[in-house]
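**Student:** mind looking at a prediction? Sequence and model below.
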Amino acid sequence: MTAIDPTALVHPTALVADGARLGANVRIGAYSVIGEHVQIDADTEVGPHVVITGHTRIGRGNRIFQFASLGEQPQDKKYAGEPTRLEIGDGNVIREFCTFNTGTVQDKGVTRIGDGNWIMAYVHVAHDCVIGNHTIFANNASLAGHVVVQDHAILGGFTGVHQFCRIGAHVITGIASVIRQDVPPYVMVAGNPASPHGINAEGLKRRGFDTEALAAVKRAYKTLYKSGLGLADARAHIADEARQRPELQPLVEFLATPGRGILR
């Protein structure tokens, strides 16, 4: 890819630094600023008044709306100017006033966002976060540093997630939820502090989980939250059932991974 592909369309008021790389059919809106270490791949559209800086790579077919700030330095007092990164995949929608920071050397040095995510206005993704694919972040959802959000999770508006927490696949959070511990896959949580309220049954149906799969997930939820078993015993029980029900394997793997403790 040449520095600026000849099919890229850059508004005459935009500022694109020497060294920036723009792929085929990239569009840069009025008054946007693109830094020297930025790479934007084909068919991505950047609206007006967007700032993309730092060591940032943005994949194909993204749409970035006005006033977003991507790739700025992490909000971490330990940061000392290291060339950490922000990586964004393909096919994401990033709405107005979103702020995504680069990583820190205290972690992997990169903030990562996958493919096909729908990220609404005023969302903040702090340093070293890892977001999977096909998530939805409603307005003003905020992640502190080092948070992991797995595929198909949905964060309600004004959800706040404490640093180092993990949000499992297919989780859904209610509006203004405050997440202070890890949320296992498939679980629905709400409140301040957040507490569990069953499984995300409607979301799972939309993603093709059949009646038997939903029943297995519900049984696993009851084992984890209603049986009175300790975490180790509940995990072992769910692992036994996962031998017959593969949809439970993500839950088994999540529970086996150390974190901030499971929200229970």
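**Tutor:** Received, thanks. Numbers count the residues shown, from 1 in each chain.

**Student:** which residue is the nearest non-sequential neighbour of Ala17?
**Tutor:** Glu36 (3.9 Å; C-beta to C-beta, 6 or more residues apart in numbering). All C-beta spots, glycine's among them, are computed from the backbone N, C-alpha and C.

**Student:** thought that neighbour was touching Val16?
**Tutor:** No - Glu36 lies out of contact with Val16 (C-beta atoms under 8 Å); the separation is 9.1 Å.

**Student:** between these two, who's got more neighbours?
**Tutor:** Higher neighbour count among Glu36 and Val16: Val16, with 22 against 13, using other C-beta atoms under 10 Å.

**Student:** residues in contact with the more buried one?
**Tutor:** Counting by C-beta atoms under 8 Å, 6 or more residues apart in numbering, Val16 touches Ile4, Val10, Leu22, Ile28, Ile34.

**Student:** likewise His124?
**Tutor:** Cys98, Thr99, Phe100, Ala141, Ser142, Leu143.

**Student:** and these, which are buried?
**Tutor:** With neighbours counted by 16 or more other C-beta atoms under 10 Å, these contain buried members at Cys98, Thr99, Phe100, Ala141, Ser142, Leu143.

**Student:** name the helix or strand for the residue nearest to Ala17, please.
**Tutor:** If you go by DSSP states H and E, Glu36 is not part of any helix or strand.

**Student:** list the contacts for it?
**Tutor:** Ala17, Asp18, Gly19, Ala20.

**Student:** emit the ChimeraX select command for whichever of the contacts of Val16 are buried.
**Tutor:** Filtering the contacts of Val16 down to the buried ones (16+ other C-beta under 10 Å) takes a single ChimeraX command:
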select :4,10,22,28,34
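
**Student:** okay, the contacts of Val16 in a markdown table with secondary structure next?
**Tutor:** A markdown table is the format used below for those (DSSP: H, G, I helix; E, B strand; the rest coil):
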| residue | secondary structure |
| --- | --- |
| Ile4 | strand |
| Val10 | strand |
| Leu22 | strand |
| Ile28 | strand |
| Ile34 | strand |
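
**Student:** got the contact list for the longest helix seen in the chain?
**Tutor:** The helix that spans the most residues within the chain, counting by DSSP state H, is helix 211-225. Here helix 211-225 makes contact (C-beta under 8 Å, 6+ apart) with 184, 186-187, 196, 198-199, 201, 204-205, 209, 229, 234, 237-238, 241, 245, 247-248, 251, 255, 262, 264.

**Student:** I'd like the next helix or strand past that helix.
**Tutor:** Later in the chain than helix 211-225, the nearest helix or strand by DSSP H and E is helix 231-242.

**Student:** buried ones in that next one?
**Tutor:** Buried, per 16+ other C-beta under 10 Å, within helix 231-242: Ala234, Arg235, His237, Ile238, Ala239, Ala242.

**Student:** please apply the same query to stretch 68-84.
**Tutor:** Ala68, Ser69, Leu70, Gly71, Glu72, Pro74, Asp76, Tyr79, Glu82, Thr84.

**Student:** per-residue confidence averaged over that stretch?
**Tutor:** Averaged over stretch 68-84, pLDDT sits at 97.

**Student:** could you do stretch 127-135 as well?
**Tutor:** 98.

**Student:** now do that stretch: distance to the chain's middle.
**Tutor:** Stretch 127-135 sits 3 Å away from the centroid of its parent chain (C-alpha atoms, centre = their mean, to the nearest Å).

**Student:** looking at the contacts of Val16, spot the one nearest Gly109.
**Tutor:** Ranked by distance to Gly109 (C-beta to C-beta), the contacts of Val16 are led by Ile34 at 21.7 Å.

**Student:** residues contacting the closest one?
**Tutor:** Counting by C-beta under 8 Å, 6+ apart, the residues that Ile34 touches are Ala14, Leu15, Val16, Ala17, Ala20, Leu22, Ile28, Ile40, Val46, Ile52.

**Student:** mind giving me the ChimeraX command for buried ones among those residues?
**Tutor:** Those of the contacts of Ile34 that count as buried under 16+ other C-beta under 10 Å are selected in ChimeraX with:
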select :14,16,20,22,28,40,46,52
